[in-house]
Structure formats: structure tokens, C-alpha cells
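Undergrad: The sequence and its predicted three-dimensional model are supplied below.
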Amino acid sequence: MKITGIETIIPGDQSPLPEVVFVRVYTDIGVVGHGETYYTPRAVSEYIHEFLAPRIIAAESGSPEAIWDIGYSAAARFGGRGLELRALSAIDIAVWDALALSLNVPLHVLLGGPSVSQIPVYNTCGGPSYGKSLRFGEISSRDGRYEDFDAFMNRPDELAADLVAEGFGGMKIWPFDRIAKRAGGQIISSEDLQTALTPFQKIREAVGSKINIMAEGHGLWSLSAAKRIAKELEKSEPAWVVDLIFC
């Protein structure tokens, strides 16, 4: 299998997720693989077409490992760890997809096959407007059924009950993010700390231990603030707390 063309598709600002970019990888055997990545879609698209696509199309092999090596060695050489790897990840997904289609087997077979029959899942409480909120600072719509970003901030007890009814075993929330902006994540006041802890408390009051709660920090806090947040979070018995400290 050889890669003959790469196409990027940007849904645009009016789409539910304007920060997504989709990638199509065309091959000499007629199959088309699909991939995607998130954030700064125009920059990702430009990098793919200017840098990655010519090198990948010129390569003798279209195997996922060969394509990854082409993109990763270039990114590592110039210190790229953000946009470069997000662009490469979208192509990587698409190449694996194309390979599975060419062999007419499920992708998981190429990755070694299933090791378990079931896996637990949790709901990342974002929603269709979450991508827009990253760009414009506010949620664009509060009426959608799946606007879980608004729900965990304002109706966490109702959201938790809905998720339990739907069979979810966990939910990930990040009510500390907006507070971090006030002092650059260096300190957190007692009042702000309590505000951010309230969703955790309401979830426990509503459904008890029927759902796991995961706390996402997005790397916004100093060590001292992160330690204070983590200590207070212990009272809500989170399944895990991730990425509180900024680098």
C-alpha cells in the first residue's frame, strides 16, 4: 500500500466543533482512510500540506510505522511537540484505517486483537459547544441535550443521575479551570475553592458512590495550589485527579 494523496477537511466556525480537522488518506489500491485531530485546524492543515504530505507521498512504503517515522523524526528534530504531533496523529489514524480496510479486517486485529471482552467507560463532560467555549470563552448554547459542560457546572446532580441511568460508571469534570484564570493559577482562595468543590459535593449527594468522579486540572495550577486542591478533593473520593500542575 502506498499513499497517493492527503486531504484535510475543516468544518468551519459554524459547525458544532469548529476546532476539529478531518484527514483523508488516499492509497494506490483505492481505499481511503480517515483520521482527525483537534485544535488550531488551519495551522494543522497547513503543516500537513506544506511539510508532511509531500514527504509521505514520496515515501516508498505506506505502512503505519514508516509514515510515523517520517513525521516523528521531523517533529523531534525541530523540537515539535504540539501542532506537529497532532497533525501526525491524524494521519496515523487514517493510515491505520486504510490498512485495515485494505485487508478487510477490523482495526483491532492489526493492533494485536482484543485482550478483554469489556472495558469500563466514563463520560468526559464536554458537549457540542465545548470546542467553541475554548475559543470564545463562553458556552454558545445551553439548550442541547448533550451540553454536559454547562450541566456539570450548573446542574451536576442532575447530570450525574442521568449518566447513572444511562449506564456510565464515571464522569470527568473540571470546575477549577475558570478560577485558575483569576490569579494565573498561582493561588486559590477559600471561596473559590469551595465554589469549585461544589459540583463534586452535589454529585455525591445525588448519586452517592454509584458513579466515579474524575477531576481534570488541565495543567493550570502551581504546586502549592494543586496540593491544596487535591487535599480538599479527597473528601469527595475521586477515582483520580489528573494534570493539576502546570509545567
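TA: Arrived safely, thanks for sending.

Undergrad: domain parsing for the protein?
TA: 3-110, 123-242 (automatic domain parsing).

Undergrad: Reformat these as TSV; add distance to residue 116 and mean pLDDT.
TA: For glycine as for every other residue, the C-beta is placed from the backbone atoms N, C-alpha and C. Rendered in TSV, the data for the domains of the chain read as follows (distance: least, CB to CB, whole Å; pLDDT from 0 to 100):
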stretch	distance to residue 116	mean pLDDT
domain 3-110	11	91
domain 123-242	15	89
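
Undergrad: tell me the phi and psi of the spatially most central residue of the chain?
TA: Central residue check for the chain by CA atoms, centre = their mean: the C-alpha nearest the mean position is that of residue 38, 7.5 Å away. When read as degrees, to the nearest 10, the backbone of residue 38 gives phi -130, psi 140.

Undergrad: That one reaches residue 18, doesn't it?
TA: No: checked against CB atoms under 8 Å, the pair residue 38 and residue 18 is beyond contact range at 10.5 Å.

Undergrad: if we can go back for a sec, the residue nearest to the centre of the chain pairs with what?
TA: residue 20 (DSSP bridges).

Undergrad: if I pick it, what's in contact with it?
TA: Remark: with contacts taken as CB atoms under 8 Å, 6 or more residues apart in numbering, residue 38 is in contact with 17, 19, 20, 21, 86, 131.

Undergrad: okay, these in TSV with neighbour count and distance to residue 34 next?
TA: Conversion of these to TSV gives the following (neighbours: other CB atoms under 10 Å; distance: CB to CB, whole Å):
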residue	neighbour count	distance to residue 34
17	16	16
19	19	18
20	18	12
21	23	12
86	20	16
131	20	19
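
Undergrad: Quickly name whichever of those residues is closest to residue 67.
TA: Proximity of those to residue 67, judged by CB to CB, is greatest for residue 86, which lies at 15.2 Å.
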